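In: next input, structure requested:
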Amino acid sequence: MAFSEKVLAYGTNPTHHGILDRPQGHARVTGSCGDTNEIYLRIEGGKIRDARFVTDGCMYSLAACNAATKLAIGKTLHQCLSINQRSILEHLQGLPDDHAHCALLAATTLYQAVSDYVKNHNASPTVKKPNSQKRADQP
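Out: Here you go, the predicted model:
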C-alpha cells in the first residue's frame, strides 16, 4: 500500500516533535517492534493545550505520533481516551499494513500520558456537567 501525502508530511516534517519542559503528563512506551515513543502533555482547564512527542522510530512512527498529538490538542482528557489506533489511521488516511502498529503504539503512549496526568494530579478524565451536582437531600 502506498501512503498518503499527510503521512509523508507528518513523517518528514512533524509539527509537534520535541520535548515540553515540565510536562503535566508524560509517558514513554516501547512497542514490540522496538520503537520507543514519548509523549508530553500540558493541560489547562481539563483540556490538552499542548502536546509534543519524540520517537526513535521510522517515518511512520513520526507520522503516527504527530497525528496523536495533533488529535489531542484542544480535547478534554475524556475525549483523548477515544483517540485510538483506528482514529489515528483514519486521520492519516491509512498506513501500510506492516506499519499499522505504529498507530497503536502512538495511541497507547497518548493514553499512558493522559493516565499519568490523571494519577499525578488526582484528576478525573471525565468532565462533570455544571448541573450534575447532587443536592444535599439526594442520596
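
In: contacting residues around residue 87?
Out: 71, 107 (C-beta atoms under 8 Å, 6 or more residues apart in numbering). (Each C-beta comes from the backbone N, C-alpha and C, glycine too.)

In: which element is it on?
Out: helix 85-92 (DSSP states H and E).

In: after that helix comes which helix or strand?
Out: Following helix 85-92 toward the C-terminus (DSSP H and E): helix 101-120.

In: quick one: list the elements packing against that next one.
Out: strand 25-30, strand 36-44, strand 47-55, helix 59-72, helix 77-80, helix 85-92 (3 or more C-beta pairs under 8 Å, 6 or more residues apart in numbering; DSSP states H and E).

In: mind listing what the residue minimising distance to the centre of the chain touches?
Out: Centroid-nearest residue in the chain: residue 110, 3.2 Å away (criterion: C-alpha atoms, centre = their mean). Residue 110 sits next to 27, 39, 51, 68-69, 72, 80, 83 when contact means C-beta under 8 Å, 6+ apart.
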